[in-house]
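A.B. asks: can you look at this prediction? I've put the sequence above it.
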Amino acid sequence: MDLGIRGRTAIVCASSQGLGKACARALAEAGVSLVINGRNRTVLDRTANELRQATGADVTPVVADVSTAEGQAALLAACAAPDILINNNAGPPFRDFRQLDRQAMLTGVTMNMVTPIELIQKVIDSMAARGFGRIVNITSITVKMPLAGLDLSSGARAGLTAFVAGVARQYAHKNITINNLLPGSFDTQRLRLGFAAASRQSGIPESAAAAQAMAEIPAKRFGTPAEFGQTCAFLCSVHAAYLTGQNILLDGGAYPAAF
Ligand SMILES: NC(=O)c1ccc[n+]([C@@H]2O[C@H](COP(=O)([O-])OP(=O)(O)OC[C@H]3O[C@@H](n4cnc5c(N)ncnc54)[C@H](OP(=O)(O)O)[C@@H]3O)[C@@H](O)[C@H]2O)c1
């Protein structure tokens, strides 16, 4: 399917690996020029080269911490008026909620709620002026289905979800859509690190922890980053212009409800 976005520009935050990288790849395949981002220069440059070679896309790597004002300024200096913004960031580490002090909570809320909102503030007027904008926030299944130890992640992302629900409706008539993609379990470094941590705590081997998690998913497997990226690219396409303010679960059926 031609997504109708060839020649458009995108900032894809936190995209040197994992889900962000997969979104960047799918957009590049659709002919979008990219700004990609991560804090580790070596990994980011390697990803930029890989994307250029695989897709022929114009790819600008920006080494920056997206949670900081300087990091956001660097991203916007590389592309002041993107047509597409993919908001992504690391999530807070697993932690018993009683161990979270005020600073840890503020940091989590900054990463997963304040940062994406700040970036939306910075790009939305130019999108409105051009009559085209696609914003996708990578959130989590934990917005709908709590997971012990990820309470801060769930809370911050739920805050973002409620915040952008109103903003999406304000800008729908400008052909700007804002949607949230909720990953269940995708085979990325973050997921693998989770099993490694679970294995250290429980003593069960990492492979057994992963197999147990997989068995609980109706699809009986983890999602692939490529599947996630292609869904993200569709949300950014011309065909998805009437789809806004939604929370789209990609979880192999893990969320056990009809609605
Ligand atoms: N994978 C899953 O199954 C799953 C499920 C639910 C939710 N999620 C959420 O989805 C998001 C992406 O997860 P993932 O699995 O793709 O993680 P990942 O494989 O660990 O990749 C994270 C990417 O973000 C970059 N990054 C992290 N912190 C950054 C920062 N402050 N500024 C700029 N770039 C940063 C990393 O590069 P550097 O480290 O070099 O900066 C890397 O490129 C996370 O918020 C995660 O919690 C994932």
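C.D. replies: Yes, it's here.
A.B. asks: off-centre distance for stretch 157-177?
C.D. replies: 16 Å (CA atoms, centre = their mean, to the nearest Å).
A.B. asks: if you count neighbours, what's buried in stretch 196-206?
C.D. replies: Neighbour-count burial for stretch 196-206 flags Ala198, Ser199, Glu206 (criterion: 16 or more other CB atoms under 10 Å). All C-beta atoms are positioned from the backbone trio N, CA, C, and that covers glycine.
A.B. asks: mind putting the residues you listed into a markdown table with pLDDT, distance to Ala172 and secondary structure?
C.D. replies: Listed next are those as a markdown table, based on pLDDT from 0 to 100; distance: CB to CB, whole Å; DSSP: H, G, I helix; E, B strand; the rest coil:
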| residue | pLDDT | distance to Ala172 | secondary structure |
| --- | --- | --- | --- |
| Ala198 | 83 | 41 | helix |
| Ser199 | 88 | 46 | helix |
| Glu206 | 92 | 45 | helix |
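A.B. asks: now distance to the ligand too, for the residues you listed, in a markdown table please.
C.D. replies: Shown next, in a markdown table, are those (distance: CB to the nearest ligand atom, whole Å):
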| residue | distance to the ligand |
| --- | --- |
| Ala198 | 14 |
| Ser199 | 17 |
| Glu206 | 15 |
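A.B. asks: okay, these in a markdown table with distance to Gly71 next?
C.D. replies: Formatted as a markdown table, the buried residues of stretch 196-206 follow (distance: CB to CB, whole Å):
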| residue | distance to Gly71 |
| --- | --- |
| Ala198 | 31 |
| Ser199 | 33 |
| Glu206 | 32 |
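A.B. asks: what pairs with the spatially closest residue to Val167 that is not a sequence neighbour across the strands?
C.D. replies: Nearest residue to Val167, sequence neighbours excluded (CB to CB, 6 or more residues apart in numbering): Ile178, at 6.1 Å. Per DSSP bridges, the residues bridged to Ile178 are Ile135.
A.B. asks: quick check, Ile178 in contact with Ile120.
C.D. replies: Yes: Ile178 lies in contact with Ile120 (CB atoms under 8 Å); the separation is 7.2 Å.
A.B. asks: neighbour count: these two, which is higher?
C.D. replies: Remark: of Ile178 and Ile120, Ile178 carries more neighbours, 28 against 23, as counted by other CB atoms under 10 Å.
A.B. asks: you'd agree Glu29 is up against Ala233?
C.D. replies: Yes: using CB under 8 Å, Glu29 is in contact with Ala233, at 7.4 Å.
A.B. asks: of these two, who's got more company?
C.D. replies: More neighbours surround Ala233 than the other of Glu29 and Ala233, with 28 against 17 (other CB under 10 Å).
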